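Peer 1: Below is the sequence, then the predicted model.
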2 protein chains.
Amino acid sequence: MTPISSSSLPRRKRATMQNVADLAGVGKKTVSRVINGEPNVTPEMIERVRAAAAQLQYQPDMHARSLRVSDRRTQTLGLLVGSVANPFSAAIHRAVEDAALARGVAVFASSLDDDPARERGSVEAFLRRRVDGLILTTIASSQAYLGAEIDHGTPVVFVDREATGVQSDTVLADNYEASRRGVAHLVEYGHRRIAYLGDKPALFTARERFRGFRDELQANDIAVDESLVVHGLTDEAQATRAADALLASEQPPTAIFSAQNLITIGSITALRAAQQQHRVALISFDDIPMAELLEPAITVVQQDPTRIGRLAAERIFARLDGDESPPERLVVPAVLVPRGSGEIPAS
Amino acid sequence: MTPISSSSLPRRKRATMQNVADLAGVGKKTVSRVINGEPNVTPEMIERVRAAAAQLQYQPDMHARSLRVSDRRTQTLGLLVGSVANPFSAAIHRAVEDAALARGVAVFASSLDDDPARERGSVEAFLRRRVDGLILTTIASSQAYLGAEIDHGTPVVFVDREATGVQSDTVLADNYEASRRGVAHLVEYGHRRIAYLGDKPALFTARERFRGFRDELQANDIAVDESLVVHGLTDEAQATRAADALLASEQPPTAIFSAQNLITIGSITALRAAQQQHRVALISFDDIPMAELLEPAITVVQQDPTRIGRLAAERIFARLDGDESPPERLVVPAVLVPRGSGEIPAS
DNA sequence: TTGAAAGCGCTAACAC
DNA sequence: GTGTTAGCGCTTTCAA
């Protein structure tokens, strides 16, 4: 057995640039030049410094660097998503990470949990760590508190939801239009009693999707039946109960429009329990995992979180690279993917 | 319209502690005391400083702080998982975030993608940013390169996979035993021709799970039929092709043991295509989304990524709080969840 | 081409 | 209870 690292050893101090300079017998600034790949250093010097750095296992301190460097960049981004455990958020996260990795930028990721206090807390935590940019999903009633930071030059991109009280780059799905397309699809299959199961109307996306639902019905001369509309569903269990009740009512819907992925899963559970999954149509706003393997397969309005994340990161980096054009509002279309559940005709 | 933040304004500099001190008419150190909640400041002083800080929208610079503070902590953690977009990884991430949030610690999250170069790159990026601790999923053949950092006192916890060449806290599922339990379950239902579909044997988890598969068969006096064993499956499509081939062979298996979630999904696709999903049993190592809603519902060996993440974070913080006990190896049991697909008897 | 001095924003140590 | 000085590790500035 070779001895492999013992935690009871006296802790060695981390090597600094000065240590490297001393060992290499050069000035601190020369080490700095080599580490940062600056020109005007002779090959021998480069070699000497490299060797010393390797011997000491030197790792430059980016915090100390960013404190002194002229643009004060930290090569760091703050990302706030609904929840890092949510597949939609996770896809955004991954896309941001990929874009950031290419530029040597590290990403702080946090979960919002639709809690305004967490929004403020996360943003503060990011700002105290002097992130170069912010990609934010928001829930607070106003983001005016970001005004000073934006004026200061920190790029901010809002994703998934529109911000209030500040203007900055925004990347969104076309919630309203996509919702209309989903409802129109059901109407085409003869449905007129369409239930709407949605999230809290405090959410931008929930409002937009319901607006699309309502407008599309009206465009087809179908009155919105309030008894078929349920708002404020935030988890599977609530959605299941709401769908249960609708299916057990005197005049049950012939189709369900679910405005969000967790609600969809809850609705499927209810439809199965009532053995109505092949009789009552279902369209889900948001894709769900395994949708193609369910019976019936689930017709969805599919967002593109990867593209949303990529575009958001691109906006941040464009701003960091000097883009001073007016704030952009990028809309990423959601597409209707017919798979079966949405093509069940009205009975 | 009220004017709301204009990006073409001259960029105001960020307020520093000195600015706050000047405005409040006190010394820098007094501001420092107030910001950090240190004792021995009169209430009036606190109020004056608070007001000045608020007026200037002062945000302390944690980098400058950590540079000077005696323990050099940055209140930052580095987390490397398989992929932030993978549900298993995302659950770990979320658990780590929750534990970190309670201590005001921010989390850098990165994806490994089973690429040794990414492992090294991510760890370097974390170290250059002087994270207080590392939670790592690894793929490189050795983690000996971390020895110096561990000696230096940075806590490192390995999750999901065992490390090589260093000793440090580790949190793992009981891959071997859980795999045996899964196979034993199939044997109980009369299966003797059980296929194994697994990931690259370079992975610690893949090796352990296969070892469990093999040993459990042998314990039941069943010879391992090499024609029923496929390694090196890394995505759904590969798994589907492998399962297709097995099902179409002269002597098809009566059961499939899938060693990983993506392989399970691919296997389900193949079983459906061959209309064998109600005839050939299937057990999945790793839960998959919607498993209960599939037909048949999928029997799984369910890991507990939330617990893995929580324990990993607890280890880090215990070390940061001074725990000097020998490295721990925590095993989080995976449990067999019978749902239907694993209870199809041998035909 | 190289290096010495100054200083980024903050806190430790110590004076008052 | 409060302020002053020095210095964390690094880059900038500027002189050699």
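Peer 2: Good, I have the coordinates.

Peer 1: Pull the number of nearby residues for the closest residue to A:V183 other than its chain neighbours.
Peer 2: Taking Cβ to Cβ, 6 or more residues apart in numbering or on different chains as the measure, A:V183 lies nearest to A:E216, with 3.9 Å between them; neighbours along the chain are not counted. All C-beta atoms are positioned from the backbone trio N, CA, C, and that covers glycine. A:E216 has 23 neighbours, counted by other Cβ atoms under 10 Å in any protein chain shown.

Peer 1: and A:E216, that one's in a strand?
Peer 2: No. Residue state for A:E216 (DSSP: H, G, I helix; E, B strand; the rest coil) corresponds to helix; a strand is not indicated.

Peer 1: That one reaches A:L186, doesn't it?
Peer 2: No. Using Cβ atoms under 8 Å, A:E216 and A:L186 do not qualify as a contacting pair, with a distance of 9.1 Å.

Peer 1: Wasn't A:S32 part of a helix?
Peer 2: Yes. Secondary structure assignment places A:S32 in a helix (three-state DSSP).

Peer 1: is it true that it touches A:M17?
Peer 2: Yes. Look at A:S32 against A:M17 with Cβ under 8 Å: they come within range, at 6.4 Å.

Peer 1: Which of these two has more residues huddled nearby?
Peer 2: For A:S32 against A:M17, the residue with the higher neighbour count under other Cβ under 10 Å is A:M17, and the figures read 20 against 16.

Peer 1: anything in the lowest-mean-pLDDT helix or strand in chain A near chain B?
Peer 2: The helix or strand of chain A with the poorest confidence is helix A:147-152; it has a mean of 93 (mean pLDDT, DSSP states H and E). Yes. Part of helix A:147-152 sits near chain B under the criterion Cβ under 8 Å from any Cβ of the partner chain, namely A:G147, A:A148, A:I150, A:D151, A:H152.

Peer 1: Return the residues in contact with the residue nearest to A:V183.
Peer 2: Applying Cβ atoms under 8 Å, 6 or more residues apart in numbering or on different chains to A:E216 gives the contacts A:S179, A:R180, A:V183, A:A184, A:V187.

Peer 1: switch to 7 Å and redo it
Peer 2: A:R180, A:V183, A:A184 (Cβ atoms under 7 Å, 6 or more residues apart in numbering or on different chains).

Peer 1: Of the residues of helix A:147-152 next to chain B, just say which sits nearest to DNA strand C.
Peer 2: A:H152 (11.9 Å; Cβ to the nearest atom of the strand).

Peer 1: and A:V171, that's in a strand?
Peer 2: Yes. Residue state for A:V171 (three-state DSSP) corresponds to a strand.

Peer 1: Up against chain B, what does the stretch 1-150 of chain A have?
Peer 2: A:4-5, A:7, A:9, A:11-12, A:14, A:57, A:59-64, A:66-67, A:83-85, A:87, A:90-91, A:93-94, A:97, A:106-111, A:125, A:127-130, A:147-148, A:150 (Cβ under 7 Å from any Cβ of the partner chain).

Peer 1: go again using 6 Å as the cut-off
Peer 2: Within reach of chain B by Cβ under 6 Å from any Cβ of the partner chain, the stretch 1-150 of chain A has these residues: A:4-5, A:9, A:11-12, A:57, A:59-60, A:62-64, A:67, A:84-85, A:90-91, A:93-94, A:106, A:108-109, A:125, A:127-129, A:147-148, A:150.
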